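*Asks:* everything below, folded, please.
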Amino acid sequence: MKKIVLTAALVAASSSVMAAAPGGPSCGWGNMLFEGQSGTPTHVIAYTTNGTSGNATFGMTSGTNGCQTSAPLTYRGQKMINVSYMMDELSEDMARGNGEALNAVAVMIGIEQDDRARFASVTHENFNQIFPSADVTAEQVVNNLAVVMNNDEQLSKYIAS
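*Replies:* Okay, here's the model as predicted:
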């Protein structure tokens, strides 16, 4: 049961994460048709227009439809790593040095299979730095984890500079 809940949470978290404005903020016919308008319904219709007709994809590959791909993608939402729903399980797994929640976080971060044993070991060794108190927040845990990983030669490659 624990695996099903954890898998569902990961799928929900990953499916709700998107880069902002692929192809640029004015890319596609939907953006052209609804230019200057705002609100959720307008954005949904513009997005649907771009997605169902494939014109944004065409525009990105051909450089038309107001699309360009030279600018970096941006993301203004919540961080992809959301451990708030599994703090207890994660702390237990890190204290033990293995477990499903720890593996789920490794997957969310994008840690390759070959580096997951190192990830488990490093998080176990640095448990007190990652979870410095009983009332630590999920955001603090994620930030502490990033510091610990950044200080490890093998795991630092997974931390965006």
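
*Asks:* okay, domains of this protein per the record?
*Replies:* Partitioning the chain according to automatic domain parsing yields domains covering residues 19-75, 84-158.

*Asks:* skipping adjacent residues, who's closest to the residue lying farthest from the centre of the chain in space?
*Replies:* Seen from the C-alpha centroid of the chain, the residue lying at the greatest distance (Cα atoms, centre = their mean) is Leu33, 30.5 Å away. Ranked by Cβ to Cβ, 6 or more residues apart in numbering and with sequence neighbours excluded, the top spatial neighbour of Leu33 is Thr49, at 6.5 Å. All C-beta atoms are positioned from the backbone trio N, CA, C, and that covers glycine.

*Asks:* distance of the one you found relative to Thr42?
*Replies:* When distance is defined by Cβ to Cβ, to the nearest Å, Thr49 is 11 Å away from Thr42.

*Asks:* ok, now Cys27?
*Replies:* Noted for Cys27: a distance of 16 Å to Thr42, by Cβ to Cβ.

*Asks:* and for Val122?
*Replies:* With distances taken as Cβ to Cβ, Val122 is found 46 Å from Thr42.

*Asks:* same question, Thr57
*Replies:* Here the criterion is Cβ to Cβ. By it, Thr57 lies 21 Å from Thr42.

*Asks:* one step back: Throw the domains of the chain into JSON lines and include mean pLDDT, thanks.
*Replies:* Conversion of these to JSON lines gives the following (pLDDT from 0 to 100):
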{"stretch": "domain 19-75", "mean pLDDT": "76"}
{"stretch": "domain 84-158", "mean pLDDT": "93"}
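
*Asks:* picking that back up, which one of Val122 and Thr42 is surrounded by more residues?
*Replies:* Set side by side, Val122 and Thr42 give different neighbour counts by other Cβ atoms under 10 Å, the larger being at Val122 (21 against 14).
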